[in-house]
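Student: what shape does this take:
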Amino acid sequence: GSASRSILASDNLILTGKSIVHLCGDTSVPSTSGMLHSWGVFDQNTGVELTSISSLSSDPLKLWLSAYTFEAGRKYYARLTSFITATSVSSYSDVKIIVGFSDLVAIIDGGSVHYVRPGTMNAIYLDASASADSDTIYGNEELEYTWHCEQIRPYMSSTLCGVAMDVSSGSSSGNPRVRV
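Tutor: Alright, predicted model coming up:
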């Protein structure tokens, strides 16, 4: 396979390795007996092994990691080490893991354009609580919401927007709903 994999934080990762040894120097007789295999996952920036990460597979030649094992925007590498028990010789191979960013999914219930007659007190309700960040297991719990009201036409009043907003214009952490 490829020496690098690009994934998203929300993806599972499955890597499969293969390891053989040639007995008595004879390249025509490959063997897999008498070998032990282990996987390690390392932070590419520090080179430190992330010992808390372990494969979900019982097959020692498969690294199976669930979604959200990795953080978006970071780089890692997985290492398969094979060890020949009879000779205590080992060898390894690395696969670079690049974790990209997903698009934020903004879902706004209540529409994106509303027409209101000047001088009326019609309320507009908007709800973005169904929005999500698929780069995190927490979905929308870590999102910050910013609401803006803009008067497009007519150009008569500069005080129409923002006067009756329950959530002021600006950042409103943890409040995905607004009434204008």
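
Student: wait, doesn't W64 sit right on L56?
Tutor: Yes. In this structure W64 lies within contact range of L56 using CB atoms under 8 Å: 4.4 Å. Glycine gets a C-beta too; all of them are placed from N, C-alpha and C.

Student: which one of those two is surrounded by more residues?
Tutor: W64 (17 against 12; other CB atoms under 10 Å).

Student: look up how far A78 lies from that one.
Tutor: Distance of W64 to A78, given as CB to CB, to the nearest Å: 11 Å.

Student: quick check: neighbours shared by these two?
Tutor: Here W64 and A78 have L13 as joint contacts, going by CB atoms under 8 Å, 6 or more residues apart in numbering.

Student: Three-state assignment for the residue nearest to D11 when sequence neighbours are not counted, please.
Tutor: By the measure of CB to CB, 6 or more residues apart in numbering, the closest residue to D11 outside its immediate chain neighbours is A67, 6.1 Å from it. Recorded secondary structure, A67: coil (DSSP: H, G, I helix; E, B strand; the rest coil).

Student: and A67, what are its phi and psi?
Tutor: phi -60, psi 150 (degrees, to the nearest 10).

Student: just the CA trace of stretch 67-84, in CSV.
Tutor: Taking C-alpha atoms only, stretch 67-84 is exported to CSV below (Å, rounded to 0.1, in the frame of the first residue of the first chain):
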residue,chain,number,x,y,z
ALA,A,67,-13.2,7.3,14.3
TYR,A,68,-12.0,10.2,16.4
THR,A,69,-8.8,8.4,17.4
PHE,A,70,-6.9,11.2,15.7
GLU,A,71,-7.2,15.0,16.0
ALA,A,72,-7.9,17.0,12.8
GLY,A,73,-5.0,19.0,11.4
ARG,A,74,-2.4,16.7,12.9
LYS,A,75,0.1,14.2,11.4
TYR,A,76,0.9,10.8,12.8
TYR,A,77,2.6,7.7,11.7
ALA,A,78,1.8,4.0,12.3
ARG,A,79,4.7,1.5,12.6
LEU,A,80,4.5,-2.2,12.1
THR,A,81,7.4,-4.0,13.7
SER,A,82,8.1,-7.6,12.9
PHE,A,83,10.4,-9.7,15.2
ILE,A,84,11.9,-13.1,14.3
